[in-house]
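In: everything below, folded, please.
(one chain, ligands or ions: 2)
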Amino acid sequence: MSAESFRAPRLEVSSILQGGYHHPTLRQMQNNGRNLTKSMFIYPIFISDDPDAEEVISSLPGQKRWGVNKLEGFLGPLIRKGLKGVILFGVPMKMNKDPRGSPADDPSTPVILALELLSKLYPKLLLVTDVCICEYTSTGHCGILSSLPAPGHSNQPTLDAEASAQRIAEVAVAYAKAGAHVVAPSDMMDGRIKAIKQGLMHAGLANRCALMSYSAKFASGLYGPFREAAGSAPSFGNRKCYQLPPNARGLARRALTRDANEGADMLMVKPALPYLDIISDSATMFPDLPVACYQVSGEYAMVYAGAEKGIYDLKEMAFETTESMVRAGASIILSYFTPQFLDWLDEERTNV
Ligand code: PBG
Ligand code: ZN
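Out: Ligands and ions are numbered 1, 2, ... in the order given. As a prediction, the model looks like this:
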């Protein structure tokens, strides 16, 4: 090489990064050891009280409400592809709702029937149950309303914190008795983690049932499709007095701390994509507790809708959003994309 043809580098050595990711395999190696795997996924499933139901949910592409008689045909193929965990949501279409959400732990409620069936059919499948009463209350709220008038500022009904936490704990214990390996309270009532943990201890189930707290659950606009799917929209008012305000990072951190101290085994952040900072906070504040995040119904529908409009490719965006959650610190992802990922994670990655 002649001296003239050699172009003296003008850039500093420390400026050069591209050599480290010019090849697809190198790009995958740049993941800081945090790989997306099948066992991170938990699949949310809606269970109807009509045992033969298989109903399309129009706002959630590809998702259905399932009757217990249909679960084997639906889940069997997914389990053979590597499905490791499901989270169950009951959808009582015919049961009588009341102010305390009595159908939630009725022995004939769809979640309990599904737990009994699935633990027999698939003993290795991780069975998580969402614990809330909004699907079962006549008010559509996640707690029990106080009969006392709210002092001072309004005559709107308020929550009875103590009664709500006790009722939620009762429901959680009923699910644990029916075979839930994990109970996941999504109601956001104050004090319910301690009440559930004590309930599990009294029932002798604390060493056989984990407690995954929806600790940092925000009052989000992204739950719409879920509320249609589960029939759980509040009949009046909203959930802003119990779900967290979207601007409140400090409050979210306090909620994570409280639930860690009250006995949660895992912490959850929900929704996921707009709250990656909170996922990261949880991972750094409580490195010893796994962080779960829920890519909720509206996030899923949003990714789908954008792909349908041709804004991006569905698979690429599903990977990008999910990998951002893993990067932020999540090791458990609740996602309606779970069935697709069971295929996608077997395929050669073409989108790196
Ligand atoms: C009920 C509950 C909700 C979700 C999970 N559990 C809805 C809500 O709080 O209104 C949302 C899940 C989703 O949107 O996919 N407490
Ligand atoms: Zn609820």
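In: enumerate the residues of the stretch 51-200 of the chain near ligand 1.
Out: 130, 132, 134, 142, 186-187 (C-beta under 6 Å from any ligand atom). Every C-beta, even on glycine, is put in place using the N, C-alpha and C of the backbone.
In: switch to 5 Å and redo it
Out: Within the stretch 51-200 of the chain, the positions near ligand 1 by C-beta under 5 Å from any ligand atom are 132, 186.
In: interface residues of the stretch 51-200 of the chain facing ligand 2?
Out: 132, 134, 142 (C-beta under 5 Å from the ion).
In: need the contact list for the first one.
Out: I take that to be C132. Each residue near C132 by C-beta atoms under 8 Å, 6 or more residues apart in numbering is listed here: 104, 142, 168, 185-187, 232.
In: in helices only, show me these.
Out: Among the contacts of C132, DSSP state H puts I168 in helices.
In: so which of the contacts of C132 is the closest to ligand 1?
Out: Nearest to ligand 1 among those: S186, at 3.8 Å, using C-beta to the nearest ligand atom.
In: the stretch 1-150 of the chain: helices as residue ranges?
Out: 24-29, 71-80, 110-121 (DSSP state H, counting those that start in this stretch).
In: winner for burial among those helices?
Out: helix 110-121 (a mean of 20; mean count of other C-beta atoms under 10 Å).
In: confidence-wise, which of the helices of the stretch 1-150 of the chain is weakest overall?
Out: Mean pLDDT per stretch puts helix 24-29 lowest among the helices of the stretch 1-150 of the chain, at a mean of 90.
In: which strands and helices sit next to that helix?
Out: Of the remaining helices and strands, none touches helix 24-29 by 3 or more C-beta pairs under 8 Å, 6 or more residues apart in numbering; DSSP states H and E.
In: ok, back up a step: JSON lines for the residues of the stretch 51-200 of the chain next to ligand 2, including distance to L211?
Out: Below are these laid out as JSON lines (distance: C-beta to C-beta, whole Å):
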{"residue": "C132", "distance to L211": "14"}
{"residue": "C134", "distance to L211": "19"}
{"residue": "C142", "distance to L211": "17"}
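In: pLDDT for the residues you listed - can I get that in JSON lines?
Out: Shown next, in JSON lines, are those (pLDDT from 0 to 100):
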{"residue": "C132", "pLDDT": "98"}
{"residue": "C134", "pLDDT": "96"}
{"residue": "C142", "pLDDT": "95"}
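In: so which of the residues you listed comes closest to P225?
Out: C134 (15.1 Å; C-beta to C-beta).
In: doesn't G140 make contact with the closest one?
Out: Yes - with contact defined as C-beta atoms under 8 Å, C134 reaches G140; the gap is 5.7 Å.
In: overlap of the contact sets of those two?
Out: Shared between the contact lists of C134 and G140 (criterion: C-beta under 8 Å, 6+ apart) are residues 232, 234.
In: contacting residues for the closest residue to ligand 2 within the stretch 251-352 of the chain?
Out: Ranking the residues of the stretch 251-352 of the chain by distance to ligand 2 (C-beta to the ion) places K270 first, at 11.7 Å. By C-beta under 8 Å, 6+ apart, the contact set of K270 is 186, 214, 216-218, 220, 293-294, 296.
In: many thanks, we can stop here.
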